[in-house]
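Participant: only geometry, no sequence info:
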């Protein structure tokens, strides 16, 4: 089983504003439906709490919200959207066939697949809606195979052949406190995937072509932490790729270090879990190891104290 973790951006919204080149075949009714709904399918702003609740209800069968979503699906036909419609679809399509230089026309997760796709999205209206419609394209317009994971602690049943939408609070904001929240949530998600959602011993592939480029180092940090779980038999492998928007013929592999589980445990064992750090700082460490292997990465010296960095916060919650 392979778990695909895909960072989500807004390229799909840009494509839907000029949909003709991204439709499979000549479908005039769908073309005009997309033009009419371009601003509402993936709005740039709105009431975030309302959209979160609405998406949760849209993915529950036999609700009025689910019925309205089905009406939209039948009008805009995400099953007809080509892989070039978004960076997320293009990356998954390219991974599905790495031998041919031609990009596969569609990126699809079949119902019978053993794989799972996790869409890592900013906790914003545009991010959530972009994730929803990318998910519906991947499932050929089947909302019953799209799962909503508002927090990593929420239960997920039978993830095989399904797409999970996982909003990461803090991922879209540049202030230090937001990045601590984002890395904490990424660490919790990685832990939940390995221990609960899909279970140990799976392959993980990070697709980092979509979303804010500034978040790539943080997602690589999560990937490197998860790679260190291989010695504990919690993962089989962890790899990461990007796909250049001007060259869709091949994936670019990203180098990943291994952060061994034992090293992380030793380096982070003195973290004060009860600490309430001031603005912009991480939790306090009572002491650090003599080797200081993760100095400047997982922790750093701040005002004569050792403090976690956002990377350290993520690693701390990945291996509790």
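Facilitator: Now that the structure is in, tell me what you want to look at. Predicted model, so just to flag it, every value in this text is computed and none were measured.
Participant: only C-alpha atoms from now on, for both contacts and neighbour counts.
Facilitator: OK.
Participant: residue 147 pairs with what?
Facilitator: Beta-bridge pairing for residue 147 (DSSP bridges): residue 164.
Participant: can you get me a residue count around it?
Facilitator: When counting by other C-alpha atoms under 10 Å, one arrives at 22 neighbours for residue 147.
Participant: need the pLDDT of it.
Facilitator: pLDDT, residue 147: 97.
Participant: same question, the one 3 residues further on
Facilitator: pLDDT for residue 150: 94.
Participant: quick one: average pLDDT of the helix or strand hosting residue 121?
Facilitator: Secondary structure from DSSP states H and E places residue 121 in strand 116-122. Mean pLDDT, computed over strand 116-122, is 97.
Participant: quick one: contacts for the nearest residue to residue 268 once chain neighbours are set aside?
Facilitator: Using C-alpha to C-alpha, 6 or more residues apart in numbering and skipping residues adjacent in sequence, the residue nearest residue 268 is residue 316, 6.9 Å away. Counting by C-alpha atoms under 8 Å, 6 or more residues apart in numbering, residue 316 touches 184, 187, 268.
Participant: isn't there a helix covering residue 316?
Facilitator: Yes. Under DSSP: H, G, I helix; E, B strand; the rest coil, residue 316 falls within a helix.
Participant: distance check, it against residue 235.
Facilitator: As for residue 316, its distance to residue 235 is 17 Å (criterion: C-alpha to C-alpha, to the nearest Å).
Participant: next one: residue 157
Facilitator: Residue 157 is 19 Å from residue 235, where distance means C-alpha to C-alpha.
Participant: for residue 120, same thing?
Facilitator: Residue 120 is 19 Å from residue 235, by C-alpha to C-alpha.
Participant: and the pLDDT for residue 213?
Facilitator: Per the predicted model, pLDDT is 82 at residue 213.
Participant: and what of residue 91?
Facilitator: On the pLDDT scale, residue 91 gets 96.
Participant: find the helix or strand that it is a member of.
Facilitator: Here residue 91 is assigned to helix 87-96, by DSSP H and E.
Participant: let's see which of the contacts of residue 316 end up in helices.
Facilitator: Among the contacts of residue 316, the members found in helices (DSSP state H) are 184, 187, 268.
Participant: distance between the ends of stretch 206-226?
Facilitator: With C-alpha to C-alpha, one end of stretch 206-226 sits 11 Å from the other.
Participant: now stretch 103-120
Facilitator: Per C-alpha to C-alpha, stretch 103-120 runs 23 Å from first to last residue.
Participant: same deal with stretch 267-287?
Facilitator: Note: stretch 267-287 ends 9 Å apart using C-alpha to C-alpha.
Participant: buried sites along it?
Facilitator: 267-269, 271, 281-285, 287 (16 or more other C-alpha atoms under 10 Å).
Participant: just stretch 100-112 next, same as before
Facilitator: Neighbour count says stretch 100-112 has 103-109 buried, by 16+ other C-alpha under 10 Å.
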